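> Sequence and computational prediction follow.
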Amino acid sequence: MMLTRNISRFLAAALVCIALTAQATVIATKTPIENKDYSITWATDLGTDTIATSSWSISPAGPTITTSSFTSQGTTAWISGGTAALFYDVTNTITTTGGRTLTETFKLEVLAANYM
């Protein structure tokens with residue numbers, strides 16, 4: 001009886017950890033034929049600081065950043081291409097007028113073209 005109770009507690013704790021991990025992963029989606037925009041709002045991290053430069057990268061290679069832009073508090077990248085059923089890490093690195101360097105990465109899932 002005690003062993004069963006301990007196993008149940010362990011499984012419950014494991015499920016909570018899995019749920020928290022899943023919530024922490026940001027997944028954006030697109031199809032290979034779409035050219036979609038993805039934006040990051042940096043206002044909470046910046047406070048009164050502002051964005052001076054912004055660069056984007058995707059790993060592994062596949063999707064293409066067709067254009068990007070930034071404002072004093074946010075960044076945007078337009079992404080096209082990619083291979084269906086693959087996941088990519090999309091990273092945005094900014095520098096600020098105050099001299100800080102900040103990085104944010106999200107997962108991009110490329111869905112089959114007929115999925116949507």
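Perfect, I can see it now. This is a predicted model, so every value here is computed, not measured.
> Can you show me the helices along the protein?
If you assign secondary structure with DSSP state H, the helices in the chain sit at 2-24, 43-46.
> Can you flag the weakest of the ones you listed by average pLDDT?
Note on the helices of the chain: helix 2-24 shows the lowest mean pLDDT, a mean of 44.
> Show me the shaky parts of this protein.
Across the chain, the stretches falling below the confidence threshold (pLDDT under 70) are 1-24, 115-116.
> Which residues are in contact with the most centrally placed residue in it?
Central residue of the chain (Cα atoms, centre = their mean): Phe106, 1.3 Å from the mean position. Under the criterion of Cβ atoms under 8 Å, 6 or more residues apart in numbering, the contact partners of Phe106 comprise 26-28, 38, 89-90. C-beta coordinates here come from the backbone N, C-alpha and C atoms, glycine included.
> Same check on Glu104?
40, 42, 91-92.
> mind running it again at 6 Å?
By Cβ atoms under 6 Å, 6 or more residues apart in numbering, Glu104 lies in contact with 40, 92.
> Look up the residues forming beta bridges with it.
The partner list for Glu104 in beta bridges (DSSP bridges) reads Asn92.
> And it, how far from Thr76?
As for Glu104, its distance to Thr76 is 13 Å (criterion: Cβ to Cβ, to the nearest Å).
> Bridged to Tyr88, which residues?
In beta-bridge terms (that is, DSSP bridges), Tyr88 pairs with Leu108.
> Could you double-check that it sits in contact with Ile58?
Yes: with contact defined as Cβ atoms under 6 Å, Tyr88 counts as touching Ile58 (5.2 Å).
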